[in-house]
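**Student:** okay, predicted coordinates and the sequence, questions at the end:
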Amino acid sequence: MAATVDGQDRVLATAQLIVKSLKSSDVSDDDMIGIFSKFDNRFSDFKGLMSKASISGGGDYKADDPRLDRFEAAEHVILRCDLNTQSSGQAPWEDEAEDYLAAVDEILQLTEDFAVQSDPEIMNRAENALQLAMSRLEDEFRHILIRNTLPLDAESLYGSIRRVSLSFASNDGEVEEYEKFAEEDNRGSFCHERGASLGDNVCVELIHPDAVEELKEIADRMVRSGYEKECCQVFSSVRRDVLDECMSILGAEKLSIEDVQRIEWTTLDEKMKKWISALKIVVRVLLSGEKKLCEQIFSESELIKEVCFLETAKGCVMQLLNFGEAVVIGRRSSEKLFRILDMYDVLADVLPDLESLFTEESGELVCSEAKGVLSGLGEAAIGTFVEFENAVQGETSRKPIQGGDIHPLTRYVMNYLKLLVDYSETLNALLETGEDESGSLQNDDQDNAQLEPVARRMLSLITSLESNLEEKSKMYEDNAMQFIFLMNNILYIVQKVKDSELRRLLGDRWIRKRRGQVRQYATSYLRASWTRVLSYLKDEGIGGSSSNAPKVALKERFKNFNAGFEDIYRIQTGWKVPDAQLREELRISISEKVLPAYRSFMGRFGSQLESGRHAGKYIKYNLEDLENYLLDLFEGTPAILNHMRRKST
């Protein structure tokens, strides 16, 4: 409806100018009315137009006034071009732009003349001419914007970014169950690389540079004529479409909060990664370019260039912020923490850029929304970390790990913390205000009070893990295996701390304390596993001297030792000690206890049995045999010695 009215006004304004130009001819008013009224009902009130269009009455101009000549010449250019626009013989804008803009300038200059302002008839003609001109300029402004927008595709857009060596946060995959996260050193299933800083803003040319001056020429006339609103609307509409296309290329979809809530984690993770990339590009590259474009085209008015930029840019920014808000209020789970921290970091990083882009009062809403989402992401990050702590404390799986190997929970937690160290600066800032509310320290180390907030929280989390492991060790009926399980897991924790930035946070004293704990577990293992077997190699209870001890007692001792050793061999070859150094140290400790005791016992009593019949039935192993068999322990593959017999000499 509005377009129809605008078209009628345009036709009537054109007709009015035609009438004025024909008044000097011999055609009567009635004849002209008859001619025009045959077209359609838009000229039904043409007689009224005729009465208003008369140039015979009044005015401060004389017939030979050069100002009138210049006005009518300019009016003629606008009218001629307008008629050409409506016909199939329209000349290209480039061929007539200079004359057309000069005509607009002439009319604008005359309307600013005091004498013209006091002449209603001339002012009426000038306003009608400007109305036609502004309609034409509005169309040309739109066409130039669209025609000179450079082709957009992923390669060209990302190519501009690669020129400044921008790298984005990446993750080769994701998992939801901690057993999958816990693959040791498996960077494919649990990896995070923090993106590099973009550095100085880089403007990507999304419009041909040669068109900027042409657009500015048109914009200046429209603003001067009071058509700044129409000019801004055209500019913002076209450029919003361009930014929407860029957002699509970057993978930043328009999603409602409800849509985000329904997305499964695998898909959401991809969208969060794209959001992180898109936010930097949009704020520091695309919007920086749009700001520059607005400043170039609307340089004559601070207000107009700010309004145009706001109307162009706020839509894509709010779209990004809405996604961030949806993540904030979404369900919290440990796998989301790194992505949320990435989102927090990138938003915090570009917030000063947003504030410099949206400087006026009208842009405060955008900056305020950004700050709100940033705060929400920070709270979500800490809340997610707290829930992770609670999950570690409450993990109650009751299935013992085969062979006393490292528990998946241990791998998961330590790999998680190892990667989380990258965010120490961010977490310290977030924890400083919320540490007392989100959790209390559980360590008794007095030096902990001097640690950074994130280090204290990590110590608290590791202490919770150690307590959980202590409970899980009780699932093993064999006390010796309990200590193997605890050794494996505590040593794994120590190594993850020692070989990462966790060492800087927790300190060498903490590492030494945990290594001492591993040694205590080793001592407890030796006592629980080998005390009874070694008791068969003692003199007590045999009776007699080493030269005349009862053979029955000696046979029983050797028989019990063999059975005990074979039982340990069968069981403990199936136990797993994955750390090569710990495995070697345990074997050495066992050898240092077993081999000297066996050598001594054999030296005192072995000769009494070796000379008798069936000696190999009781003295089944020599020292070399035992030493070699001990090397098979803790490999995770059960073996049996029952079929092995030492050949009798």
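**Tutor:** Received, thanks.

**Student:** mind checking the SS state of the closest residue to residue 141 other than its chain neighbours?
**Tutor:** Distances taken as C-beta to C-beta, 6 or more residues apart in numbering put residue 218 closest to residue 141, at 4.8 Å, once the chain neighbours are dropped. (Each C-beta comes from the backbone N, C-alpha and C, glycine too.) Judged by DSSP: H, G, I helix; E, B strand; the rest coil, the three-state class of residue 218 is helix.

**Student:** identify the residues contacting residue 218.
**Tutor:** Residues near residue 218 by C-beta atoms under 8 Å, 6 or more residues apart in numbering: 101, 137, 140, 141, 144, 231.

**Student:** least confident pick among those residues?
**Tutor:** Among the contacts of residue 218, residue 101 carries the lowest pLDDT, at 88.

**Student:** I'd guessed that one sits against residue 220; true?
**Tutor:** No. Assessed by C-beta atoms under 8 Å, residue 101 is found out of contact with residue 220, at 9.0 Å.

**Student:** ok, back up a step: nearest to residue 206 among the contacts of residue 218?
**Tutor:** Nearest to residue 206, judged by C-beta to C-beta, of the contacts of residue 218 is residue 144 at 13.9 Å.

**Student:** I'd like to know how far residue 213 sits from residue 299.
**Tutor:** Look at residue 213 and residue 299: by C-beta to C-beta, to the nearest Å, they are 11 Å apart.

**Student:** between the two, who's got more neighbours?
**Tutor:** residue 299 (13 against 10; other C-beta atoms under 10 Å).

**Student:** the more buried one belongs to a helix, doesn't it?
**Tutor:** No. Assigned with three-state DSSP, residue 299 falls outside any helix and is coil.

**Student:** quick one, phi/psi of it?
**Tutor:** phi -70, psi -20 (degrees, to the nearest 10).

**Student:** and the residue nearest to the spatial centre of the chain, how far from residue 262?
**Tutor:** Closest to where the C-alpha atoms of the chain average out (C-alpha atoms, centre = their mean) is residue 276, at 3.5 Å. Here residue 276 is placed at a distance of 21 Å from residue 262 (C-beta to C-beta).

**Student:** okay, now residue 80: neighbour count?
**Tutor:** Residue 80: 15 surrounding residues under other C-beta under 10 Å.

**Student:** sorry, back to before: among the contacts of residue 218, which pair sits farthest apart?
**Tutor:** Farthest apart among the contacts of residue 218 - using C-beta to C-beta - are 101 and 231, which lie 14.2 Å from each other.

**Student:** just the buried residues of stretch 69-81, please?
**Tutor:** 71, 72, 74, 75, 77, 78, 79, 81 (16 or more other C-beta atoms under 10 Å).

**Student:** show the contacting residues for residue 565.
**Tutor:** 533, 594, 621, 626, 629, 641.

**Student:** try it again with 6 Å
**Tutor:** The contact partners of residue 565, by C-beta atoms under 6 Å, 6 or more residues apart in numbering, come to residue 533.

**Student:** how much space between residue 390 and residue 396?
**Tutor:** Taking C-beta to C-beta, one finds residue 390 at 12 Å from residue 396.

**Student:** between the two, who's got more neighbours?
**Tutor:** residue 390 (12 against 8).

**Student:** re earlier: least confident pick among the buried residues of stretch 69-81?
**Tutor:** Among the buried residues of stretch 69-81, residue 81 has the lowest pLDDT, at 70.

**Student:** report all helices and strands that the helix or strand containing that residue contacts.
**Tutor:** Assigned by DSSP states H and E, residue 81 belongs to helix 66-85. Contact here means 3 or more C-beta pairs under 6 Å, 6 or more residues apart in numbering; DSSP states H and E; on that basis helix 66-85 packs against helix 93-111, helix 120-147.

**Student:** contacts for stretch 380-399?
**Tutor:** By C-beta under 6 Å, 6+ apart, stretch 380-399 touches 328, 332, 334, 337, 340-341, 344, 409, 413, 430, 434, 438, 461, 464-465.

**Student:** do the same with stretch 491-508
**Tutor:** 406, 410, 414, 418, 421, 455, 511, 514, 518, 579, 582.

**Student:** ok, so of these, who is nearest residue 133?
**Tutor:** Relative to residue 133, and with distances defined as C-beta to C-beta, the nearest of the contacts of stretch 491-508 is residue 421, at 65.3 Å.

**Student:** and the closest residue to residue 300 other than its chain neighbours, how far is that from residue 213?
**Tutor:** Once flanking residues are discounted, residue 300 sits nearest to residue 220: 5.8 Å by C-beta to C-beta, 6+ apart. In this structure, residue 220 and residue 213 are 11 Å apart, going by C-beta to C-beta.

**Student:** where does this protein have low pLDDT?
**Tutor:** 1-65, 82-92, 95, 113-119, 152-154, 156-205, 433-449, 543-548, 610-615, 642-649 (pLDDT under 70).

**Student:** sounds good, over and out.
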